[in-house]
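> Following is a predicted model, sequence given first.
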Amino acid sequence: MGSWKNQKLSETIRLLDETYNFTCYWPGYDGNIWRITDCWLDYYDLHFWSNVACVNRGVEQMKDVAEDMERLFLETLEKGIGLVMDVDHRGGNFQHAKTGDL
């Protein structure tokens with residue numbers, strides 16, 4: 001787990017947002033993405049493997065990418081309860097995740 005063992009994802013996401021103008025998402029199954037920035041829940045600070053995709057919304061050349069990512073997030077929300085969750089697709093079991101200090 002390296003240096004992440006002693007860091008909270010919430011602190012990193014906040015730093016990326018407030019200092020560097022990044023918006024971050026969890027990429028999911030079947031084109032679904034979940035925004036982390038401004039959608040934080042405390043239990044996201046669980047320590048387990050995950051990928052995070054971030055885009056710098058302050059860079060003009062990345063504007064189209066940032067808009068596409070946000071559009072994908074909103075489309076993910078519109079799928080509602082019919083959405084296949086990433087954990088369901090992968091057969092993951094989060095009962096084994098380390099909760100750390102929430």
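Received it, and whenever you're ready, just let me know what you need.
> Okay, buried residues for the biggest helix by length in the chain please.
Of all segments of type helix in the chain, defined using DSSP state H, the longest is helix 63-78. For helix 63-78, a neighbour-count test (16 or more other Cβ atoms under 10 Å) marks 66, 69, 70, 72, 73, 76 as buried. For glycine as for every other residue, the C-beta is placed from the backbone atoms N, C-alpha and C.
> Which other helices and strands does that helix contact?
strand 22-27, strand 33-35, strand 53-56 (3 or more Cβ pairs under 8 Å, 6 or more residues apart in numbering; DSSP states H and E).
> okay, the ones you listed in a markdown table with mean neighbour count, distance to residue 10 and mean pLDDT next?
As requested, those are exported to a markdown table (neighbours: other Cβ atoms under 10 Å; distance: least, Cβ to Cβ, whole Å; pLDDT from 0 to 100):
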| stretch | mean neighbour count | distance to residue 10 | mean pLDDT |
| --- | --- | --- | --- |
| strand 22-27 | 19 | 11 | 95 |
| strand 33-35 | 18 | 14 | 94 |
| strand 53-56 | 17 | 14 | 97 |
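> Tabulate those strands (CSV), appending distance to residue 45.
Written out in CSV, the entries for these read as follows (distance: least, Cβ to Cβ, whole Å):
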stretch, distance to residue 45
strand 22-27, 13
strand 33-35, 15
strand 53-56, 17
